[in-house]
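Asker: Attaching a predicted model along with its sequence, questions to come.
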Amino acid sequence: MRNQLAGTGTLLRLALRRDRVMMPVWIMVVAMTVLSLPASLESVYGTAAERARLLGTMNTNGSLRALYGPVFGDSIGALTAWRGGIFAGVLAGIMSLVVVVRHTREEEETGRQELLSAAMVGRRAPLTAALLAALTANAPAALLVTGGLAGRGAGGALALGLGIGATGMLFAGLAAIAAQLTESARLAKGLTGALIGAAFVLRAAGDAGSAGGSSALTWVSPLGWLEHVRAFAAERWWVLGLFAAAVAVQVAAAYALAGRRDLGMSFLPARPGPAEGRLGSAGALALRLQRGSLIGWSLGFLVAGVVFGGMTDGATQLVGDNDRTREIIERMGGQSGIADAFLATMAGMLGMVAALYIVSAVLRLSGEESGQRAEPLLANAVGRLRWAGGHLAVAFGGSALILLLAGLGLGIGHGQGVGAAVGATLAQLPAVWVIGALAALLHGAAPKYAAAAWAVAGAALTLGWIGPALNLPQAVLNLSPFAHLPKLPGAEALAWAPLLVLTALAAALLAAGLTALRRRDLAA
């Protein structure tokens with residue numbers, strides 16, 4: 001067994017060096033998702049009476065429990081765990097899947113692992129190094145949460161920090177298994193991401209039907225386990241044992257699978273080619289390659305729209321006469337009545353999440369290029385602009401499609417104003433396109449730094465989600481293109497100028513990116 005782990009330390013140091021920028025950013029995002037909340041919650045629910053009323057409202061409001069989970073205590077610490085615990089767990093899971101897949105399946109896919117394995121590297125060393133890298137990411141996040149909330153109660157802070165870190169490690173184990181089952185990093189990330197989404201849906205469905213979190217569906221979901229740790233509310237330490245047992249089983253399964261396959265192989269190989277039909281153009285090939293992702297995002301946005309639309313009346317009930325909560329929602333969604341402001345806020349949030357889709361779709365160009373799948377195409381009668389144009393058409397057109405479906409879902413869930421809801425989500429497109437065009441520019445001009453587009457999209461999402469609650473200056477919020485969009489529905493008059501300016505900016509960035517791509521050499 002020792003020989004099979006030979007070189008683990010060297011591979012771990014290499015992984016940490018490669019992630020020396022990405023990992024600290026992820027750690028801070030996970031930690032700040034929680035640590036940014038206490039001061040805001042204290043200003044909103046500063047009295048015991050206000051917190052007691054919140055608990056009573058949540059006990060009767062299934063739609064809001066589906067989003068945030070039930071409230072188990074009326075202290076600021078308990079409200080922090082309620083408001084940010086689930087989302088921090090999701091972010092920790094995403095961070096972990098990125099780290100594990102990056103240093104396992106992605107290394108095999110690019111051929112680097114084969115070169116490393118020619119040296120004194122054990123069979124299970126890469127998987128071990130990837131899991132240790134995930135632990136190295138989750139442990140500081142847990143420590144930051146624990147330290148930042150220790151003043152609210154050391155036991156509750158430790159329970160929440162450990163719960164978030166354990167959630168990240170559980171999804172790291174799932175990513176390790178997915179990396180053995182699939183033949184590409186994209187599929188491994190997609191499979192693990194789908195499991196994170198399923199965990200959220202199961203937890204939401206369980207909490208919607210049970211005020212105390214006692215539903216069987218909640219217990220099926222790892223995010224439900226995080227909720228049942230009950231930080232700052234009579235902590236259930238034994239739930240952390242469930243995480244430990246699950247991680248141990250997953251790691252053992254991943255090791256067993258890794259020992260039964262050859263390097264570069266998988267247990268679920270992809271089909272060698274299209275089962276039917278023909279691909280007559282670069283655009284058709286791009287659509288075929290990205291259609292699975294597009295279908296998944298489309299269904300997810302439609303369902304999310306229905307859920308958020310159905311929450312509108314519940315949000316109005318929750319706000320009540322709380323001026324601070326009303327101020328936050330109106331700052332995010334506009335001063336046009338709490339219902340319209342909430343719908344505008346949800347439309348803006350869906351737009352910011354759509355920026356993640358467009359970055360993923362645009363950066364598929366980088367994957368095709370670094371995986372040396374683009375070179376055979378470009379060696380024929382397919383020019384670079386046609387090749388890139390196919391993927392960009394899917395990315396930009398796909399973002400319009402998912403926002404259209406999100407608007408339909410919002411209108412259907414709310415039960416009125418489908419046209420206004422669709423207009424609100426489609427108004428997010430210029431800002432989404434700016435971020436997508438910036439990703440295209442980075443790929444064309446500086447392909448080694450194309451992944452920085454993720455940081456741009458993440459920064460926009462963070463500013464939009466946390467910025468208003470922290471009462472950040474408008475000058476800081478304006479760094480995001482989404483801050484310049486009209487607040488729809490409910491705006492007195494549609495302001496076309498910012499939409500046109502952002503669209504023109506996106507077109508200019510896209511043109512610059514295509515020009516740079518045409519002039520540079522292909523990435524090796």
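Answerer: Arrived safely, thanks for sending.
Asker: Arg414 reaches Val307, doesn't it?
Answerer: Wrong residue type there; residue 414 is His, not Arg. No. Counting by C-beta atoms under 8 Å, His414 does not reach Val307; the two are 10.9 Å apart. (C-beta placed from N, C-alpha, C; glycine too.)
Asker: In contact with Trp225, which residues?
Answerer: Gly163, Thr167, Trp219, Val239, Leu242, Phe243 (C-beta atoms under 8 Å, 6 or more residues apart in numbering).
Asker: which of those lies closest to Gly153?
Answerer: Gly163 (14.3 Å; C-beta to C-beta).
Asker: Can you list the buried residues in whichever strand or helix holds the closest one?
Answerer: Following DSSP states H and E, one finds Gly163 within helix 154-181. Of the residues in helix 154-181, 156-181 count as buried by neighbour count, 16 or more other C-beta atoms under 10 Å.
Asker: And stretch 284-300, by the same measure?
Answerer: Quick answer for stretch 284-300 (16+ other C-beta under 10 Å): Leu285, Ala286, Leu287, Leu289, Gln290, Ser293, Leu294, Gly296, Trp297, Ser298, Gly300.
Asker: Now do that stretch: everything it contacts.
Answerer: 190, 194, 197, 274, 279, 357, 360-361, 364, 368, 377, 390-391, 393-395, 398, 401-402, 405.
Asker: Kindly report the same for stretch 226-235.
Answerer: Here stretch 226-235 has contacts from 69-70, 72-73, 75, 77-78, 80-81, 85-86, 89, 152-153, 155-157, 159-160, 162-164, 166-167, 203, 207, 213, 218-219, 236-237, 239-240, using C-beta under 8 Å, 6+ apart.
Asker: Ala457 and Val359 touch, don't they?
Answerer: Yes. Counting by C-beta under 8 Å, Ala457 touches Val359, with 4.9 Å between them.
Asker: overlap in contacts of the two?
Answerer: Common neighbours of Ala457 and Val359 (criterion: C-beta under 8 Å, 6+ apart): Ile435.
Asker: Report all helices and strands that the lengthiest helix in the chain contacts.
Answerer: Ranked by residue count under DSSP state H, the longest helix found in the chain is helix 384-414. Judged by 3 or more C-beta pairs under 8 Å, 6 or more residues apart in numbering; DSSP states H and E, the packing partners of helix 384-414 are helix 282-310, helix 338-362, helix 364-370, helix 374-378, helix 418-426, helix 429-445, helix 496-519.
Asker: Report the mean confidence score over that helix.
Answerer: Helix 384-414 comes out with an average pLDDT of 91.
Asker: pLDDT wise, what is Glu456 at?
Answerer: Just to correct that, residue 456 is Val rather than Glu. 85.
Asker: Likewise for Ile466?
Answerer: You'll see Ile466 listed with a pLDDT of 68.
Asker: next one: Gly273
Answerer: 54.
Asker: what's the answer for the one 3 residues further on, then?
Answerer: You'll see Glu276 listed with a pLDDT of 54.
Asker: Over to Pro38?
Answerer: pLDDT at Pro38 comes out at 87.
Asker: Low-confidence ranges, the stretch 1-150 of the chain, go.
Answerer: By pLDDT under 70, the low-scoring segments of the stretch 1-150 of the chain are 1-2, 57-64, 114, 117-119.
Asker: and Leu14, how many neighbours does it have?
Answerer: Residues lying near Leu14 (other C-beta atoms under 10 Å) number 17.
Asker: residue contacts, it?
Answerer: So Leu14 contacts Ala129 (C-beta under 8 Å, 6+ apart).
Asker: And what about it, helix, strand or coil?
Answerer: Secondary structure for Leu14, judged by DSSP: H, G, I helix; E, B strand; the rest coil, is helix.
Asker: Ramachandran angles for Ala460?
Answerer: Dihedral pair for Ala460: phi -60, psi -40, per degrees, to the nearest 10.
Asker: That one: how many residues sit nearby?
Answerer: 23.
Asker: With Ala6 instead?
Answerer: By the criterion of other C-beta under 10 Å, Ala6 has 16 neighbours.
Asker: follow-up on the earlier one: so which of His414 and Val307 has more stuff around it?
Answerer: His414 (24 against 19).
Asker: The nearest residue to that one once chain neighbours are set aside: what's it in contact with?
Answerer: Leaving aside its sequence neighbours, His414 sits nearest to Gly309 (C-beta to C-beta, 6 or more residues apart in numbering; 3.9 Å). Residues near Gly309 by C-beta under 8 Å, 6+ apart: Leu343, Met346, Gly409, Leu410, Gly411, Ile412, Gly413, His414, Gly415, Ala421.
Asker: State the distance from the second one to Val306.
Answerer: Using C-beta to C-beta, to the nearest Å, Met346 is found at 11 Å from Val306.
Asker: next one: the third one
Answerer: As judged by C-beta to C-beta, Gly409 and Val306 stand 4 Å apart.
Asker: Please identify which of the buried residues of stretch 284-300 is nearest to Arg20.
Answerer: Out of the buried residues of stretch 284-300, the member with the shortest distance to Arg20 (by C-beta to C-beta) is Ser293, at 28.7 Å.
Asker: OK, contacts around the residue lying closest to Met352 once chain neighbours are set aside?
Answerer: Counting by C-beta to C-beta, 6+ apart, Leu461 is the residue found nearest to Met352 once chain neighbours are left out, at 4.5 Å. Taking C-beta under 8 Å, 6+ apart, we find Leu461 in contact with Met352, Val353, Ala355, Leu356.
Asker: Perfect, I'm done here.
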